[in-house]
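> Next input, structure requested:
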Amino acid sequence: MDRPSRRAVLGAGLGAVAASLGGCSGASGPVRRLWLATGPEGGPYNAFGKALALAVGASDLPLEIVPVSTAASVNNLRGLDEGSAELALAMADTAEDAVLGRDTFTRPAAVTALARVYVNYTHLVVPADGPVRAVTDLAGRPVAAGATGSGVRVVAQRVLRAAGPADERPLGLAASVAALREGTVDALFWSGGVPTPALAALAGELPLRFLPLDAYVAPLRERHGPVYTAVTLPAGVYGLREPVGTIGVGNYLLARADVDAGVVRGLLRVVFDQWRDLLREVTAGARLEPRFAISTGQVPLHPGAAAYYRSVYG
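Just a heads-up that it's a prediction; the model follows:
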């Protein structure tokens with residue numbers, strides 16, 4: 001099926017299409033194409049987006065999902081609000097900022113939630129033999145604090161604001177890993193599933209220390225609301241000998257409010273039927289359940305999502 005180019009629309013805010021997916025649904029009738037703003041190539045949002053596109057393509061829905069590579073949460077929400085994407089993935093704290101028109105968003109954004117799909121774990125990683133032993137040791141030091149337009153940058157800046165100013169470098173995951181390996185930064189922040197393959201690979205190359213961040217959960221909740229939770233990096237992952245407490249932030253699958261309710265119901269049917277495959281490369285041990293999925297805080301559920309949950313789960 002021919003695909004009209006959307007690069008002109010997406011170039012400024014969302015970047016290029018991550019992958020061109022062949023084939024169309026076998027269902028009769030016109031195929032509806034939805035653009036899904038994900039994240040950088042190789043990252044968990046991008047992996048989820050590609051897996052969702054394949055799952056929808058293999059279903060009986062007259063629907064095609066086109067995943068778009070982006071800088072992630074902040075950019076995704078702006079693209080959703082501006083209409084350059086119909087669907088998006090974003091971290092819960094950034095999504096609430098968008099809906100409430102606060103922090104980096106100068107006005108409320110018109111976005112709705114389909115589901116909370118999994119939880120991001122905030123990683124603060126330093127060389128094990130380096131001088132940094134606590135977050136407060138980062139003051140004045142170079143820190144890879146997440147790419148501009150990403151959700152991890154929001155979390156990193158909020159932690160660093162509470163701990164003391166650092167020399168923040170706007171680097172994505174791949175660049176952050178390279179900078180830590182080369183010694184041009186003393187720490188990196190990352191927010192993602194467990195284990196994150198790039199960090200697992202780095203832990204196999206050099207000894208690392210994962211700094212605890214659970215002490216920052218309460219102050220973050222007091223200032224920004226209950227989107228922040230206490231979670232634990234388990235012993236064994238990344239070679240950790242003991243669990244490490246850190247900050248958890250949900251990830252939302254979002255949509256513009258004007259996406260057809262019937263399309264949303266069909267899409268959620270695929271998500272709940274195929275959640276094991278969708279989350280396999282994103283985070284280990286995750287399980288998608290309705291009571292978890294509908295917990296989207298200040299971000300309202302799309303009417304089609306609310307109808308889906310009522311019809312299936314009462």
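
> okay, now the closest residue to residue 130 other than its chain neighbours: neighbour count?
Distance criterion Cβ to Cβ, 6 or more residues apart in numbering; nearest residue to residue 130, sequence neighbours excluded, is residue 186 at 6.2 Å. Any C-beta I mention is one placed from the backbone N, CA and C, and that applies to glycine too. When neighbours are counted by other Cβ atoms under 10 Å, residue 186 registers 21.

> With residue 117 instead?
Applying other Cβ under 10 Å, we find 22 residues neighbouring residue 117.

> Do I have it right that it meets residue 272?
No: using Cβ atoms under 8 Å as the test, residue 117 is too far from residue 272 to be in contact (10.4 Å).

> shared neighbours of the two, anything?
Residues within reach of residue 117 and of residue 272 at once, by Cβ atoms under 8 Å, 6 or more residues apart in numbering, are residue 288.

> Please tell me how far residue 53 sits from residue 63.
Residue 53 sits 10 Å away from residue 63, taking Cβ to Cβ, to the nearest Å as the criterion.

> Stretch 135-147: which residues count as buried?
By 16 or more other Cβ atoms under 10 Å, the buried positions in stretch 135-147 come out as 135, 137-138, 141-147.

> Over to stretch 48-68?
Buried, per 16+ other Cβ under 10 Å, within stretch 48-68: 48-57, 59, 61-68.

> Dump that stretch to CSV, keeping only the CA atoms.
In CSV, the C-alpha atoms belonging to stretch 48-68 read as follows (Å, rounded to 0.1, in the frame of the first residue of the first chain):
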residue,chain,number,x,y,z
PHE,A,48,6.9,-1.0,22.1
GLY,A,49,5.7,1.0,19.2
LYS,A,50,7.1,-1.4,16.6
ALA,A,51,5.7,-4.4,18.5
LEU,A,52,2.3,-2.7,18.7
ALA,A,53,2.4,-2.0,14.9
LEU,A,54,3.1,-5.6,14.2
ALA,A,55,0.4,-6.9,16.5
VAL,A,56,-2.2,-4.6,15.0
GLY,A,57,-1.0,-5.5,11.5
ALA,A,58,-1.6,-9.2,12.3
SER,A,59,-5.1,-8.6,13.8
ASP,A,60,-8.4,-8.3,12.0
LEU,A,61,-8.6,-4.5,12.6
PRO,A,62,-8.8,-2.2,9.5
LEU,A,63,-6.0,-0.3,11.2
GLU,A,64,-2.4,0.5,10.6
ILE,A,65,0.0,1.9,13.2
VAL,A,66,3.1,3.8,12.0
PRO,A,67,5.7,4.2,14.8
VAL,A,68,7.6,7.4,14.6
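
> now the strands for the stretch 51-200 of the chain?
63-68, 87-91, 112-127, 142-144, 167-169, 187-192 (DSSP state E, counting those that start in this stretch).

> nearest to residue 228, of these?
strand 112-127 (9.0 Å; Cβ to Cβ).
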